[in-house]
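Chemist: Got a sequence here, can you model it:
(one chain, ligands or ions: 3)
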Amino acid sequence: MTLPAGTEPCHAGVVRVALDTPADDCFDYLAGPDVSPGDLVVVPFGRRSLVGVAVARAAESAVPAERLKPVSARLDWLPPLTEEWRDLAAFAARYYQRCLGEVMLPALPPSLREPEGWPRLAQRARTEAYRLVPAHISTLLAAVPARARSVRALAQALADRAEGHAAPAPMSLAEARELCAAAPARLAEWVAAGWVEVLAAERTLLATAPSQAPSVAPPLHEEQLAAVAAIGAAASFAPFLLHGVTGSGKTEVYLHAMAQVLVRDAHAQVLMLVPEINLTPQLQSRIAARFPHLPLAVLHSGLADQERSLQWLAAHRGEARIVLGTRMAVMASMPWLALIVVDEEHDTSYKQQEGLRYSARDLAVWRAKRLEIPVVLGSATPSMETWWRAEQGAYRKLVLRERAQAEAALPAVRLVDLNHERQRQRALFEGLSVPLLEAIEARLARGEQSLLFLNRRGYAPVLACDSCGWLSGCPRCSAYLVLHRPERRLRCHHCGLEAPVPHHCPDCGNVDIAPLGRGTQRIEEALAARFPQARIARIDADSTRRKGSAQAMFDDVHAGEVDILVGTQMVAKGHDFQRVTLVGVVHPDAAMFSHDFRAAEHLFASLMQVAGRAGRAGLPGEVIIQTRYPDAAALQALQRHDYDGFAAGQLRERRQAGLPPFCYQVLLTAEHGQLERALQFLQAVRRLADGNVLAPEVQLHDPVPMSMVRIAGRERAQMLVEASARPVLQRFVSEWVQTFSEAGADARGVRWQLEIDPLRI
Ligand code: ADP
Ligand code: ZN
Ligand code: ZN
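Modeler: Ligands and ions are numbered 1, 2, ... in the order given. A predicted model of the protein is given here:
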């Protein structure tokens, strides 16, 4: 970090700085010629000092010269953020209707966003190196007494390097310390005397020593070869959809495509995105084993600040050749980026649900286009948006039809019709049907593993009084408090409110209050009662709260120390469980009543995912789905492993109804203590659009209360805006937002939020 040169700074001009505030896009400051676009700077802002990104230099400013303040500091050891990175941020800001700084600053690692973090990071990222000025060789040697043996050795080593060189090779502090424990103090003296020079050197941030045995790639099968060749042949922007069932060898294709790029060019960097943090360790070791000598950086929000900053820095300096990360990594600064892979591209985790509500997948495609590089979107169940683009030829489709390992056939899918079970007078045991229980029993007998999937954590979703009908509603939300039995608490999963479990009905005093419905804790308990000899593990957000506990539990499953695994979607994704031969889906029906037009798509994708955990390594797999709606399209298609048929049906319906991907949407939500006020705000805002020239092509729906109206005491309403083309909608929205945020609507007390391409409506 340097203060502007000298005591009397020379300001050669104006620099525009992006700051993390919604107030404006950029702010002007005075800066010397050393500040260039892409630099991180500290500037005064009101009474505070803020870190900002210099985005452009300008000859003059609209702000009167006497009011311009100088930049206070520049992070001089950080290579500037590239133009490409700045373009990406600018695009995201434009597209998602945010200020530039609101996109740029949050995309930087925490220690860089605060000036206090800079020195410590510099210390970790850089090291000092020393060299003797050749003219002072004899002075130094004469000054060091022969009896100070280690000091003498240090001086001699420096002298040896300097002898006969105009610019001697520098010696790192670590090297110097090895020769002489007192090196730091001695070197400081010699530097002060002018005999030795200090140079700053970058410290290597990522270990490249192989931590495990290198793996050998299996020979690829024909479809994999074709896919790898197609990706390898792409010389410019080329979006691919790699469509292959779970276990078809998509990851193997990614690894080969990465290898091609990394070998071709000694600088090239590859970015691979995955939807979940808990998927990174498994993939990380797979990548590390395949590329044992290439530095690999990992980026996700589970890393401690300092660690995340160093990983980010390794990517930014080009040291990391491979960056593996969750959605946030799409904004990683990678100057030599040459290939992007988005695994499980359909996954909703790629959409950020707060703040800048971006889609990492969509930004990845934009970034690839900007850089003119290939991007591979992989999935067994592509999103309708991606599928439609591939159908139209905008994305190139690469298909893997079979599972990669010959002996791993796709699992048989059986639907257990609960209506039928009831007719046969076969009672469910705590929500578990006879066929499912028998199937688990058979696995236990054979020493194989079963996985039970239920996307609902806690013990029971609600507590109910039999005599007066009281339900455990959350006082602050239109939702129920969920019973967490082991913890003896009622919890709201929306606002976080907690309460003790009442002993009797708060309304009528009845002591017979009972849990209604089932969550993972209750299924775990039922299984333990039914199969006392079985080793049962439950993996959900509650059981894995402690850092590292999820990984430890997955390790147990992989090591065969678990017979039955119960879990939420945390267990469904990506894991390569070698010994799971049965997957049971306890209760998928809730999704069938959703108002969200994407519910069927998401249900199909999550069932296909979880079904894919069965029978991956040789042993035949079976999937049992309990349902009262066995005729539902998603379940029928799943039974036939027919994604294409399912997608065709979905697209037909969406086209008829004029829904995405056949239109583009923007959702404006408003919240206030009273619903009426939120609705009034939306109505007022809507009226402002009526006179707009662009409005005829844009459809504004009526403001409506959201299906979950109250969260944490605030009531919420929404208004959907649609158009058949993106540019039209973009132009309309940016004008409209400007109008209503400037003057138009009375927003007093109303908080509003705009979401582009909303995922849940
Ligand atoms: P996906 O990413 O589609 O789920 P993976 O790439 O993880 O599939 O492959 C599934 C399993 O098959 C892995 O254990 C992988 O090592 C193995 N595999 C992949 N390709 C081949 C191949 N060509 N020959 C043999 N085994 C393969
Ligand atoms: Zn009661
Ligand atoms: Zn609540």
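Chemist: Hmm, residue 496 and residue 490 touching each other?
Modeler: No - contact between residue 490 and residue 496 fails when scored by CB atoms under 8 Å: they sit 11.8 Å apart. In this view, the C-beta of every residue, glycine as well, is placed from N, C-alpha and C.
Chemist: which of those two has more neighbours?
Modeler: residue 490 (21 against 11; other CB atoms under 10 Å).
Chemist: isn't there a strand covering that one?
Modeler: Yes - using DSSP: H, G, I helix; E, B strand; the rest coil, the assignment for residue 490 is a strand.
Chemist: tell me the contacts of it?
Modeler: Taking CB atoms under 8 Å, 6 or more residues apart in numbering, we find residue 490 in contact with 463, 472, 481-484, 498-501.
Chemist: Same check on residue 242?
Modeler: 227, 250, 253-254, 376-379, 398, 400.
Chemist: redo that, cut-off 7 Å
Modeler: 227, 250, 253, 376-378, 398 (CB atoms under 7 Å, 6 or more residues apart in numbering).
Chemist: So what does it look like in phi/psi?
Modeler: Phi and psi for residue 242, reported as degrees, to the nearest 10, are phi -100, psi 100.
Chemist: Check the contacts of residue 490 one by one and keep those near ligand 3.
Modeler: With the criterion set as CB under 5 Å from the ion, no member of those is near ligand 3.
Chemist: Of those residues, which is the nearest to residue 195?
Modeler: residue 498 (66.3 Å; CB to CB).
Chemist: what bridges to that closest one?
Modeler: residue 491 (DSSP bridges).
Chemist: before we move on, back to that, inside helices: which ones of the contacts of residue 490?
Modeler: Under the assignment DSSP state H, those contribute nothing to helices.
Chemist: Any of those buried? List them.
Modeler: 463, 472, 481-484, 501 (16 or more other CB atoms under 10 Å).
Chemist: Now those in JSON lines, please, with extra columns for distance to residue 733.
Modeler: Below are those laid out as JSON lines (distance: CB to CB, whole Å):
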{"residue": "463", "distance to residue 733": "44"}
{"residue": "472", "distance to residue 733": "41"}
{"residue": "481", "distance to residue 733": "38"}
{"residue": "482", "distance to residue 733": "37"}
{"residue": "483", "distance to residue 733": "43"}
{"residue": "484", "distance to residue 733": "42"}
{"residue": "501", "distance to residue 733": "47"}
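Chemist: Would you indicate which residues of the helix or strand of the chain with the lowest mean pLDDT are buried?
Modeler: Sorted by mean pLDDT, DSSP states H and E, the helices and strands of the chain end with strand 196-202, the least confident at a mean of 81. The neighbour-count check on strand 196-202 (16+ other CB under 10 Å) flags residue 196 as buried.
Chemist: thinking in terms of the whole chain, how far from its middle is it?
Modeler: When distances are taken as CA atoms, centre = their mean, to the nearest Å, strand 196-202 is centred 38 Å away from the chain's centroid.
Chemist: Please list the residues outside that strand that contact it.
Modeler: Contacts of strand 196-202 (CB under 7 Å, 6+ apart): 77, 125-133, 158, 170, 172, 187, 190-191, 317.
Chemist: Kindly report the residues of the stretch 101-250 of the chain close to ligand 1.
Modeler: 218, 220-221, 224, 244, 246-250 (CB under 6 Å from any ligand atom).
Chemist: can you map out the strands along the stretch 601-750 of the chain?
Modeler: 622-627, 664-672, 698-700, 704-711, 714-723 (DSSP state E, counting those that start in this stretch).
Chemist: for the fourth one, what is the average pLDDT?
Modeler: So that's strand 704-711. What strand 704-711 shows for mean pLDDT is 93.
Chemist: what about dumping the CA coordinates of the least confident helix or strand of the chain to CSV?
Modeler: What follows is strand 196-202, C-alpha atoms only, in CSV (Å, rounded to 0.1, in the frame of the first residue of the first chain):
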residue,chain,number,x,y,z
VAL,A,196,21.8,-4.6,0.6
GLU,A,197,18.7,-3.9,-1.4
VAL,A,198,15.2,-5.3,-0.5
LEU,A,199,13.0,-6.6,-3.3
ALA,A,200,9.5,-7.8,-3.0
ALA,A,201,8.7,-11.2,-4.4
GLU,A,202,5.5,-13.1,-4.8
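Chemist: how about the nearest residue to residue 740, chain neighbours excluded?
Modeler: Closest residue to residue 740 apart from its sequence neighbours, by CB to CB, 6 or more residues apart in numbering: residue 685 at 4.8 Å.
Chemist: next one: stretch 184-202 to chain centre, how far?
Modeler: 44 Å.
Chemist: Now do it: distance from first to last residue.
Modeler: 18 Å (CA to CA, to the nearest Å).
Chemist: Show me the shaky parts of the stretch 451-600 of the chain.
Modeler: 574 (pLDDT under 70).
Chemist: Try it again at 50.
Modeler: For the stretch 451-600 of the chain, no stretch has pLDDT under 50.
Chemist: now the strands for it?
Modeler: 462-465, 482-484, 489-491, 498-500, 513-516, 536-539, 564-567, 580-585.
Chemist: On the C-terminal side of the least confident helix or strand of the chain, identify the next helix or strand.
Modeler: helix 222-233 (DSSP states H and E).
Chemist: Packing partners of that next one?
Modeler: strand 238-244, helix 250-264, strand 396-400 (3 or more CB pairs under 7 Å, 6 or more residues apart in numbering; DSSP states H and E).
Chemist: Mean neighbour count, these: which tops it?
Modeler: strand 238-244 (a mean of 23; mean count of other CB atoms under 10 Å).
Chemist: ok, back up a step: just put the strands of the stretch 451-600 of the chain in a markdown table and tack on distance to residue 322.
Modeler: Output for these, formatted as a markdown table (distance: least, CB to CB, whole Å):
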| stretch | distance to residue 322 |
| --- | --- |
| strand 462-465 | 46 |
| strand 482-484 | 40 |
| strand 489-491 | 40 |
| strand 498-500 | 42 |
| strand 513-516 | 47 |
| strand 536-539 | 28 |
| strand 564-567 | 29 |
| strand 580-585 | 29 |
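Chemist: JSON lines for these, including distance to ligand 1?
Modeler: Shown next, in JSON lines, are the strands of the stretch 451-600 of the chain (distance: least, CB to the nearest ligand atom, whole Å):
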{"stretch": "strand 462-465", "distance to ligand 1": "37"}
{"stretch": "strand 482-484", "distance to ligand 1": "33"}
{"stretch": "strand 489-491", "distance to ligand 1": "35"}
{"stretch": "strand 498-500", "distance to ligand 1": "39"}
{"stretch": "strand 513-516", "distance to ligand 1": "37"}
{"stretch": "strand 536-539", "distance to ligand 1": "19"}
{"stretch": "strand 564-567", "distance to ligand 1": "18"}
{"stretch": "strand 580-585", "distance to ligand 1": "13"}
